[in-house]
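Q: sequence and predicted model, in that order:
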Amino acid sequence: MSKHIAFDAITDPNNLQNVIPGCESFEISSPNCYLISSKLKFGSIQGVYKSKLEIIDINQPDSLRLTLNAKGTGARIQGEVTMIFNTLPGVTQVVVEGYVKVAGFAAIAGQNILSGAANVLLKQFFSSLKYNNN
């Protein structure tokens, strides 16, 4: 898969909606900006979250940045992810770097649960992506 196809798959609003765990509603508020309601559960952390997801710093097909601001049951989550698309022989490598700031009840749950939850979410995200080559 070329990095153009990978980039397009990740930025396609239909894919974004389908890969967000627990997504209950997904609204395009402006180009590359989405309002999301999702229901999440990771161990003792659970609740409904209202989020704003933006795709910024778009350098198609080489890189982009995703920002997320979420507020929900006893927690506030702020995160940012940079994705860099590299062409390797026969595949596209997507390098993901980011951070998450958590406040409220979810922060009390501890680093181990939050780190594990972030890894699960990333795996779900990439395994759920689809692309249309039509």
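A: Here it is on my side, so go on.

Q: for the rest of this, base every contact and every neighbour count on C-alpha atoms.
A: Noted.

Q: find the nearest non-adjacent residue to residue 33, please.
A: residue 54 (4.4 Å; CA to CA, 6 or more residues apart in numbering).

Q: distance check, the one you found against residue 93.
A: 22 Å (CA to CA, to the nearest Å).

Q: run through this structure and note the low-pLDDT ranges.
A: For the chain, the stretches with pLDDT under 70 are 1, 42-45, 105-134.

Q: related to what we said a few turns ago, pretty sure the residue nearest to residue 33 contacts residue 69?
A: No: between residue 54 and residue 69 there is no contact under CA atoms under 8 Å: 9.0 Å.

Q: in what helix or strand does the residue nearest to residue 33 lie?
A: If you go by DSSP states H and E, residue 54 is part of strand 45-59.

Q: for that strand, buried residues please.
A: 45, 46, 48, 49, 50, 51, 52, 53, 54, 55 (16 or more other CA atoms under 10 Å).

Q: list the beta-bridge partners for the residue nearest to residue 33.
A: According to DSSP bridges, residue 33, residue 67 are recorded as the beta-bridge partners of residue 54.

Q: residues contacting it?
A: 32, 33, 34, 66, 67, 68 (CA atoms under 8 Å, 6 or more residues apart in numbering).

Q: quick check: the spatially most distant residue from the centre of the chain vs residue 5, distance?
A: What lies farthest from the middle of the chain is residue 89; by CA atoms, centre = their mean that is 26.4 Å. Per CA to CA, residue 89 is found 15 Å from residue 5.

Q: and the residue nearest to residue 23 when sequence neighbours are not counted, how far from residue 47?
A: Sequence neighbours aside, residue 38 is the residue nearest to residue 23 in space, at 4.2 Å (criterion: CA to CA, 6+ apart). Relative to residue 47, residue 38 is positioned 8 Å away (CA to CA).

Q: so what's residue 62 up against?
A: Applying CA under 8 Å, 6+ apart, the residues contacting residue 62 are 3, 7, 84, 85, 86.

Q: over to residue 26?
A: 17, 34, 35, 36, 37.

Q: turn those into JSON lines, including secondary structure, neighbour count and distance to residue 11.
A: Below are these laid out as JSON lines (DSSP: H, G, I helix; E, B strand; the rest coil; neighbours: other CA atoms under 10 Å; distance: CA to CA, whole Å):
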{"residue": "17", "secondary structure": "helix", "neighbour count": "17", "distance to residue 11": "10"}
{"residue": "34", "secondary structure": "strand", "neighbour count": "19", "distance to residue 11": "11"}
{"residue": "35", "secondary structure": "strand", "neighbour count": "18", "distance to residue 11": "15"}
{"residue": "36", "secondary structure": "strand", "neighbour count": "20", "distance to residue 11": "15"}
{"residue": "37", "secondary structure": "strand", "neighbour count": "20", "distance to residue 11": "19"}
